[in-house]
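Colleague: model the structure of this input:
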Amino acid sequence: MNLKVITRNIGLALLLSALFMYISAIVSAIYNFDASFSPLLLSAFITSVAGAFPLIFVKKSSDINIREGFVIVVSAWSISCFFGMLPYVLYGGEFSIINSWFESVSGYTTTGSTILLDIESLPKGLLFWRSSTHWLGGLGVVVFMLLILPSVSSFRLRLSKMEISSLSRDNFRFKVNQTIRIIFYVYLGLTVLQTILLDLAGMDLFDAINHSFSTIATGGFSTKNQSIMQFNSFTIELIIMAFMVLAGIHFGLLYSIFIGKPGNLFRSAIVRFYLVSLIVGGVGLSLNIWFSGTISNFITAFRQGFFQLISIATTTGFATADSSVWPSFSILILIYFSFQTACSGSTTGGLKADRVYIFFASIRAQLRKQIHPNAVVSIKVNNHSLDREVVSSVNLYIALYIMVVFVVTLLLSLMGINLEDSFTSSVACMGNVGPGFGSIGSLGNYSHFPTLAKLLLSIEMIFGRLEIYSIMVIFLILRWR
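Modeller: Numbering: from 1, shown residues only. Take a look at the predicted model:
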């Protein structure tokens with residue numbers, strides 16, 4: 001394995017993080033050189049030196065094999081999280097080393113879980129850096145890195161196969177080089193558009209930028225202690241809901257709207273499944289909290305019910321209510337959507353609606369096979385039959401995903417954490433959702449969890465963001481060596 005090539009490309013990822021640290025320091029300077037200016041500037045310097053060092057002393061090379069590609073992807077994420085915690089550690093306050101690591105991992109993996117008791121006490125520069133980790137992580141450190149690499153198609157292809165799942169690649173009808181740029185243009189365009197709309201809706205520019213970073217990355221970090229509920233604005237909630245739904249759709253299909261082919265979006269069986277499931281789930285949840293008397297006003301019940309469901313289903317994690325006190329039926333619906341989530345090819349985590357759709361289709365096919373044993377029953381997505389290998393890999397991934405959630409729940413319960421907190425925190429972190437239920441609900445936090453639990457959950461966030469297999473392949477590579 002060529003360690004020089006690996007370190008060089010990890011260095012590029014670190015330089016991207018350093019760039020946003022410098023921008024965050026500029027934000028701090030704009031707000032009268034608040035208390036985060038020195039920590040951000042020092043962190044940016046350390047990170048840029050660490051990133052530039054291999055670029056200076058290691059020659060550029062496009063010769064990379066598949067094992068090196070996996071190591072670059074996993075290492076870029078992990079090391080970016082490590083350097084991303086520096087501003088928190090240097091700032092101090094609630095940020096112990098483990099809390100800083102947890103917050104950094106939560107940011108880069110777009111999970112949105114937090115250890116902070118008082119978010120609004122943080123200086124503006126640090127709040128901006130916190131949201132920036134979402135924006136970097138949402139598109140993917142590796143995808144950002146690919147944007148600035150030379151146009152070496154073989155190199156780009158190998159790395160993009162690690163970072164962009166096979167399910168999402170199938171929906172892109174472009175070359176790899178074009179695919180990366182399409183993701184970036186859609187991502188940037190949605191961020192700018194939402195920022196403008198939130199600003200027009202009455203949110204100040206700083207909050208608008210931060211919440212746009214979090215929404216399009218489907219992360220959930222807010223600049224307010226009570227998240228979106230603190231704004232108490234239906235217009236703001238409506239804008240955020242619309243962009244959460246958009247951020248959960250395959251970016252390649254969103255791009256087709258901009259180039260005058262909106263029909264491609266609604267011809268997708270996966271998108272239809274995703275949108276219909278949001279409507280059905282939202283109506284069921286809203287009616288439940290209304291009929292149960294949890295929320296007496298019909299309009300308010302639908303307003304809060306749909307917002308919370310979309311927020312969870314897109315793994316964003318914003319809140320307009322404390323869903324932990326809702327009826328069990330509503331909580332179970334939200335837990336289901338914490339597993340299903342949105343479309344592959346978006347910034348969301350979780351199993352993805354694509355896999356769940358194929359899972360249900362395979363059940364339907366199996367039932368038909370039981371009735372007609374001699375029939376040839378194929379599983380189709382958009383009128384295209386799927387190979388048995390694809391279906392098997394999808395179902396195997398779902399089983400593996402659930403097993404990881406169960407094992408982490410088991411380990412958390414051994415640490416003395418109650419069952420509700422253990423299970424829902426494991427589901428939330430594995431799916432990069434953020435909030436769970438109980439003490440870690442939509443208006444709660446993870447500050448009271450023991451150190452070992454925070455470490456375990458941060459590792460689970462990375463597992464979920466990199467979709468398990470990338471991490472497992474690293475262990476196989478080490479075994480091969």
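Colleague: can you tell me how far Leu412 is from Leu419?
Modeller: 9 Å (Cβ to Cβ, to the nearest Å). Any C-beta I mention is one placed from the backbone N, CA and C, and that applies to glycine too.
Colleague: these two - which one has more neighbours?
Modeller: Counted by other Cβ atoms under 10 Å, Leu412 and Leu419 do not tie: Leu412 has more neighbours, with 24 against 11.
Colleague: what ranges does the stretch 151-300 of the chain have for its helices?
Modeller: Per DSSP state H, counting those that start in this stretch, the stretch 151-300 of the chain carries helices over the ranges 153-163, 166-169, 176-200, 205-216, 234-247, 251-258, 263-267, 269-291, 298-313.
Colleague: for Ser328, find the nearest of these.
Modeller: For these, distance to Ser328 was read as Cβ to Cβ. The smallest value, 9.3 Å, belongs to helix 269-291.
Colleague: model confidence over the strand or helix carrying Val404, on average?
Modeller: In the assignment (DSSP states H and E), Val404 maps to helix 388-414. Average pLDDT, helix 388-414: 92.
Colleague: so for the next helix-or-strand element following it, what gets flagged as buried?
Modeller: As assigned by DSSP H and E, the chain's next helix or strand after helix 388-414 is helix 419-430. Using 16 or more other Cβ atoms under 10 Å as the test for burial, helix 419-430 gives 420-430.
Colleague: tilt between the next helix or strand after helix 419-430 and helix 419-430?
Modeller: Where DSSP H and E defines the elements, the next helix or strand beyond helix 419-430 is helix 451-465. When axes from the mean of the first three to the mean of the last three Cα atoms, to 10 degrees is applied, the directions of helix 451-465 and helix 419-430 differ by 40 degrees.
Colleague: between helix 451-465 and helix 388-414, how big is the angle?
Modeller: Angle of helix 451-465 versus helix 388-414, following the same axes, to 10 degrees, is 170 degrees.
Colleague: weakest of the helices of the stretch 151-300 of the chain in terms of mean pLDDT?
Modeller: Among those, helix 153-163 scores lowest, with a mean of 42.
Colleague: can you tell me the closest non-neighbouring residue to Gly438?
Modeller: In space, Gly438 comes closest to Glu420 once its chain neighbours are excluded; the distance is 4.2 Å by Cβ to Cβ, 6 or more residues apart in numbering.
Colleague: got a list of what that neighbour touches?
Modeller: 436-438 (Cβ atoms under 8 Å, 6 or more residues apart in numbering).
Colleague: cool, Thr223 as well?
Modeller: 119-120, 127, 131, 206-207, 210-211.
Colleague: want to throw the residues you listed into CSV with neighbour count and distance to Gly137?
Modeller: What follows is the contacts of Thr223, written out as CSV (neighbours: other Cβ atoms under 10 Å; distance: Cβ to Cβ, whole Å):
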residue, neighbour count, distance to Gly137
Ile119, 18, 18
Glu120, 12, 23
Leu127, 25, 16
Ser131, 26, 11
Phe206, 17, 20
Asp207, 21, 20
Asn210, 26, 15
His211, 28, 16
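Colleague: what packs against the helix holding Val404?
Modeller: Packed against helix 388-414, as judged by 3 or more Cβ pairs under 8 Å, 6 or more residues apart in numbering; DSSP states H and E, are the following elements: helix 353-371, helix 419-430, helix 451-465.
Colleague: from the contact counts, what lies against the helix or strand containing Tyr336?
Modeller: For Tyr336, the host element (DSSP H and E) is helix 328-340. When contacts are defined as 3+ Cβ pairs under 8 Å, 6+ apart, helix 328-340 sits against helix 269-291, helix 298-313, helix 353-371, helix 419-430.
Colleague: as CSV, the ones you listed with distance to Trp326 would be great.
Modeller: Compiled in CSV, these are given as follows (distance: least, Cβ to Cβ, whole Å):
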stretch, distance to Trp326
helix 269-291, 5
helix 298-313, 8
helix 353-371, 23
helix 419-430, 13
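Colleague: tell me which of those helices sits nearest to Val391.
Modeller: Proximity to Val391, assessed across these by Cβ to Cβ, is greatest for helix 353-371 (5.3 Å).
Colleague: list the buried ones in stretch 327-344?
Modeller: In terms of neighbour count (16+ other Cβ under 10 Å), stretch 327-344 has its buried residues at 330-331, 333-335, 337-344.
Colleague: of those residues, which is the nearest to Val407?
Modeller: The closest of the buried residues of stretch 327-344, once distances to Val407 are taken by Cβ to Cβ, is Phe339, at 15.7 Å.
Colleague: excluding chain neighbours, what is closest to the closest one?
Modeller: That would be Leu351: by Cβ to Cβ, 6+ apart, it lies 5.5 Å from Phe339.
Colleague: now do the contacts for that neighbour.
Modeller: Residues 339-341, 397-398, 401, 431 are the ones in contact with Leu351 under the rule Cβ under 8 Å, 6+ apart.
Colleague: same list, the residues you listed, but as a markdown table with distance to Phe243 please.
Modeller: Below are the contacts of Leu351 laid out as a markdown table (distance: Cβ to Cβ, whole Å):
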| residue | distance to Phe243 |
| --- | --- |
| Phe339 | 23 |
| Gln340 | 20 |
| Thr341 | 16 |
| Tyr397 | 28 |
| Ile398 | 28 |
| Tyr401 | 27 |
| Gly431 | 20 |
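Colleague: which of the helices of the stretch 151-300 of the chain sits closest to Asn99?
Modeller: helix 205-216 (19.3 Å).
Colleague: on contacts alone, who are the packing partners of whichever strand or helix holds Val73?
Modeller: In this structure, Val73 sits in helix 66-84 according to DSSP H and E. When contacts are defined as 3+ Cβ pairs under 8 Å, 6+ apart, helix 66-84 sits against helix 3-30, helix 37-57, helix 97-108, helix 141-147, helix 153-163, helix 451-465, helix 469-480.
Colleague: any idea which of these gets closest to Leu265?
Modeller: Nearest of the helices and strands packed on helix 66-84 to Leu265, taken as Cβ to Cβ: helix 141-147 at 21.8 Å.
Colleague: roughly how far apart are the closest residue to Phe307 other than its chain neighbours and Phe251?
Modeller: In this structure, Phe307 finds its nearest non-sequential neighbour in Thr320, 4.8 Å apart by Cβ to Cβ, 6+ apart. Using Cβ to Cβ, Thr320 is found at 26 Å from Phe251.
Colleague: may I see the helices and strands packed on helix 66-84 organised as a markdown table, with mean neighbour count and distance to Ala247 added?
Modeller: As requested, these are exported to a markdown table (neighbours: other Cβ atoms under 10 Å; distance: least, Cβ to Cβ, whole Å):
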| stretch | mean neighbour count | distance to Ala247 |
| --- | --- | --- |
| helix 3-30 | 21 | 19 |
| helix 37-57 | 18 | 27 |
| helix 97-108 | 25 | 16 |
| helix 141-147 | 23 | 15 |
| helix 153-163 | 19 | 17 |
| helix 451-465 | 21 | 15 |
| helix 469-480 | 14 | 22 |
